[in-house]
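Visitor: From the sequence below, what's the structure:
(one chain, ligands or ions: 2)
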Amino acid sequence: MSAKPLRLGLAGLGTVGLGVVKIVQQHADLIALRTGRAVQITAVSARDKTKNRDADLSAYAWETDPVALAKRDDIDVFVEVMGGHEGAAKLATEAAIASGKDVVTANKALLAHHGHGLALAAEAAGRVIRFEAAVAGGIPVIKALTEGLAGNQMRRVMGVMNGSCNYILTRMQNEGLSYAEVFDAANQLGYLEADPNLDVGGIDAGHKLSLLAAIAFGTKVSFDAVELEGIGAISIDDIRLAADMGYRIKLLGVAQMTGRGLEQRMTPCLVPADSPLGQLQGGTNMVVLEGDSVGQIVLRGPGAGMGPTASAVMADVLDIARGTRISTFGQPAASLATPVAAQSATAASYYMRMTLLDKPGALAKIATCLGEAGVSIDQMRQYGHEGDNATVLLVTHKATRADIDHAMSRFGGTGVLVGAPVALRIEEV
Ligand code: NAP
Ligand code: HSE
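Guide: Ligands and ions are numbered 1, 2, ... in the order given. You can find the predicted model right below:
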């Protein structure tokens with residue numbers, strides 16, 4: 001083999017980093033055959049050199065400082081699998097680009113916050129940043145958008161992109177457990193991020209959606225414009241009531257370009273129980289891509305874990321080894337438009353659950369608030385009694401989230417509302 005080896009500097013030796021080590025070591029021959037050159041790790045970095053990592057790292061130089069790793073002359077590609085959107089990950093990625101390295105990263109938070117600036121810097125330096133592993137783990141969704149569907153005008157991108165939330169919601173559904181019970185189990189199993197709010201608050205999935213939206217619609221990454229709502233307020237009652245109506249509750253991301261601008265939301269939604277999204281179980285991810293020529297593509301697979309995530313990192317590494325060079329977001333960063341944010345521009349039916357004082361005229365007061373906000377009621381049911389209270393379920397005709405929020409802001413003034421109401425969009429998937 002005459003081509004020069006591709007030399008990796010690997011920053012991060014945790015779940016993903018060690019998965020990369022494993023693939024590079026176990027599949028060296030396969031990779032060389034597929035790319036026409038050897039791919040080897042030259043140097044690695046992590047915080048603690050003494051930690052037992054259950055891997056043979058003896059052939060690799062060690063750098064405690066990932067910035068020093070990024071600047072080394074004996075690496076061609078900086079593989080960033082440390083995490084965090086500030087500090088070491090950002091500094092080292094910037095240093096890698098400045099010193100002429102291509103970058104492969106699994107870090108959705110970094111790119112959601114700084115992706116545009118990093119892409120501009122990389123392209124000015126003639127380098128590439130690849131991030132297949134950052135969205136939906138092992139599912140090759142970035143490749144699907146930037147390559148397989150490159151000839152399409154994308155219409156909509158949606159999906160379940162946080163395995164931890166789907167795990168929690170499906171266990172609640174299947175076993176009738178409360179949110180708190182399943183949250184604790186997920187935490188004990190190590191499924192949740194160190195800061196669990198990144199998962200259950202919808203932030204991690206929002207990061208991923210903002211990256212897909214940038215590629216799909218040719219816009220600068222605008223994570224701040226993603227409408228975010230986590231799953232913490234979903235009760236077992238919501239799961240049961242939704243199931244009675246033929247729906248499942250999912251933390252669903254949707255991005256679409258509307259007449260009013262780019263709509264991006266990551267919120268709990270009701271989807272039909274018999275749809276592919278409704279059927280999705282456990283920690284699995286699903287991404288649905290809709291293009292003008294192709295129609296709808298559904299990608300399903302493991303969204304996290306050592307093997308799947310390292311598999312995606314290596315796909316990017318192999319592309320670089322082969323000489324495939326694609327702009328970070330599928331077109332030159334300087335050509336990405338600044339999106340106009342359109343929050344929930346698309347109207348939908350909403351599921352609303354609330355507890356009301358069980359007394360004459362209570363429902364009428366709520367109906368009046370909805371009517372005055374321009375929200376029309378499609379179905380209304382009262383479920384049982386608890387002391388002086390009753391649970392009420394409403395399904396609205398199509399309305400915007402702004403109108404729903406306006407109506408709900410007035411519920412408190414009726415004097416009949418107990419606790420906080422829940423409103424979930426019913427998504428057409
Ligand atoms: P992890 O297990 O916590 O590993 C992080 C690694 O980075 C550790 O080896 C740590 O060193 C090292 N590190 C952290 N800060 C450092 C610093 N300042 N200097 C040097 N090394 C530092 O994390 P992970 O699960 O592998 O995730 C890595 C990245 O992949 C994150 O961006 C994550 O969001 C993304 N990702 C993860 C998954 C997944 O399933 N885990 C899926 C998709 C994307 P020590 O070992 O010495 O502490
Ligand atoms: N915390 C993420 C999840 C890991 O649960 O999907 C993969 O990005």
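Visitor: Residues of the stretch 51-200 of the chain that sit close to ligand 1?
Guide: Contact residues, the stretch 51-200 of the chain versus ligand 1 (C-beta under 6 Å from any ligand atom): 51, 66, 81-83, 88, 106-107, 133, 137. Quick note: C-beta positions are derived from backbone N, CA and C, even for glycine.
Visitor: Neighbour count says what about those residues? Which are buried?
Guide: 66, 81-83, 88, 106-107, 133, 137 (16 or more other C-beta atoms under 10 Å).
Visitor: Break down the stretch 51-200 of the chain into its helices, ranges please.
Guide: 66-71, 88-98, 108-124, 141-143, 163-175, 179-188, 197-200 (DSSP state H, counting those that start in this stretch).
Visitor: Return the member of the ones you listed having the minimum mean pLDDT.
Guide: Note on those: helix 179-188 shows the lowest mean pLDDT, a mean of 90.
Visitor: report the angle between the axes of that one and helix 163-175?
Guide: If you take axes from the mean of the first three to the mean of the last three C-alpha atoms, to 10 degrees, helix 179-188 sits at 130 degrees to helix 163-175.
Visitor: Any part of helix 179-188 near ligand 2?
Guide: No - residues of helix 179-188 are not located near ligand 2 by C-beta under 6 Å from any ligand atom, the shortest gap being 9.0 Å.
Visitor: Same question for stretch 118-136.
Guide: No - using C-beta under 6 Å from any ligand atom, stretch 118-136 never reaches ligand 2; the gap is at least 7.7 Å.
Visitor: Give me the buried positions along that stretch.
Guide: Neighbour-count burial for stretch 118-136, counted by 16+ other C-beta under 10 Å, picks out 118-123, 127-136.
Visitor: Quick one: end-to-end length of that stretch, please.
Guide: 21 Å (C-alpha to C-alpha, to the nearest Å).
Visitor: Now for the residue of the chain at minimum distance from ligand 1, how many residues are close by?
Guide: Closest approach of the chain to ligand 1 (C-beta to the nearest ligand atom) occurs at Gly14, with a separation of 1.8 Å. When neighbours are counted by other C-beta atoms under 10 Å, Gly14 registers 15.
Visitor: if we can go back for a sec, pick the one among the buried residues of stretch 118-136 closest to Ser344.
Guide: Val135 (22.3 Å; C-beta to C-beta).
Visitor: what's near enough to touch the closest one?
Guide: Applying C-beta atoms under 8 Å, 6 or more residues apart in numbering to Val135 gives the contacts 108, 141-142, 161, 208, 211-212, 287.
Visitor: Just give me the closest of the residues you listed to Asp244.
Guide: Nearest member of the contacts of Val135 to Asp244, counting by C-beta to C-beta, is Met161, at 27.1 Å.
Visitor: Against ligand 2, how distant is that closest one?
Guide: Distance, Met161 to ligand 2, by C-beta to the nearest ligand atom, to the nearest Å: 7 Å.
Visitor: So what touches stretch 268-281?
Guide: Contact with stretch 268-281 is made by 158-160, 166, 170, 174, 229-231, 234, 242-243, 245-252, 254, 286, 288, 298, 300, 351, 424-427, 429, as judged by C-beta under 8 Å, 6+ apart.
Visitor: Chain neighbours aside, what residue packs nearest to Gly176?
Guide: Ile236 (6.5 Å; C-beta to C-beta, 6 or more residues apart in numbering).
Visitor: Ok, Pro308 next?
Guide: The shortest distance from Pro308 to any non-neighbouring residue, by C-beta to C-beta, 6+ apart, is to Gly138 (2.8 Å).
Visitor: Ramachandran coordinates for the one you found?
Guide: phi -80, psi 0 (degrees, to the nearest 10).
Visitor: before we move on, what about Lys51?
Guide: According to degrees, to the nearest 10, Lys51 has phi -60, psi 140.
Visitor: residue contacts, it?
Guide: Per C-beta under 8 Å, 6+ apart, neighbours of Lys51: Leu13.
Visitor: Need the per-residue pLDDT for it.
Guide: Per the predicted model, pLDDT is 96 at Lys51.
Visitor: Quick check: the gap between it and Leu18.
Guide: 11 Å (C-beta to C-beta, to the nearest Å).
Visitor: coming back round to it: and which of the contacts of Val135 is nearest to Pro308?
Guide: Nearest member of the contacts of Val135 to Pro308, counting by C-beta to C-beta, is Val141, at 12.2 Å.
Visitor: Give the closest residue to the closest one in space, chain neighbours not counted.
Guide: In space, Val141 is closest to Val287, 4.8 Å off (C-beta to C-beta, 6+ apart).
Visitor: doesn't the one you found fall inside a strand?
Guide: Yes - counting by DSSP: H, G, I helix; E, B strand; the rest coil, Val287 is found in a strand.
Visitor: residues touching whichever residue of the stretch 301-429 of the chain sits closest to ligand 2, list them.
Guide: Closest to ligand 2 within the stretch 301-429 of the chain is Ala304: 3.5 Å, counting by C-beta to the nearest ligand atom. Contact analysis of Ala304 by C-beta under 8 Å, 6+ apart lists 137, 163, 283.
Visitor: try Lys208
Guide: Lys208 sits next to 108, 112, 134-136, 161-162, 253 when contact means C-beta under 8 Å, 6+ apart.
Visitor: make it 10 Å
Guide: 108-109, 111-112, 134-137, 141, 159, 161-162, 223, 226, 253, 266, 285, 287, 303 (C-beta atoms under 10 Å, 6 or more residues apart in numbering).
Visitor: For the stretch 301-429 of the chain, just list every one of the helices.
Guide: Using DSSP H, counting those that start in this stretch, helices in the stretch 301-429 of the chain cover 306-322, 362-372, 401-411.
Visitor: could you redo those as a markdown table and give each row mean pLDDT and distance to ligand 1?
Guide: A markdown table is the format used below for the helices of the stretch 301-429 of the chain (pLDDT from 0 to 100; distance: least, C-beta to the nearest ligand atom, whole Å):
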| stretch | mean pLDDT | distance to ligand 1 |
| --- | --- | --- |
| helix 306-322 | 97 | 4 |
| helix 362-372 | 96 | 41 |
| helix 401-411 | 95 | 29 |
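Visitor: Indicate which one of those is closest to Lys4.
Guide: helix 306-322 (10.2 Å).
Visitor: in the closest one, what's buried?
Guide: Those would be 306, 308-321, for helix 306-322 by 16+ other C-beta under 10 Å.
Visitor: do stretch 165-172 as well
Guide: 165-172.
Visitor: Using JSON lines, lay out those together with distance to Asp378.
Guide: Formatted as JSON lines, these follow (distance: C-beta to C-beta, whole Å):
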{"residue": "Cys165", "distance to Asp378": "27"}
{"residue": "Asn166", "distance to Asp378": "28"}
{"residue": "Tyr167", "distance to Asp378": "32"}
{"residue": "Ile168", "distance to Asp378": "29"}
{"residue": "Leu169", "distance to Asp378": "24"}
{"residue": "Thr170", "distance to Asp378": "27"}
{"residue": "Arg171", "distance to Asp378": "30"}
{"residue": "Met172", "distance to Asp378": "25"}
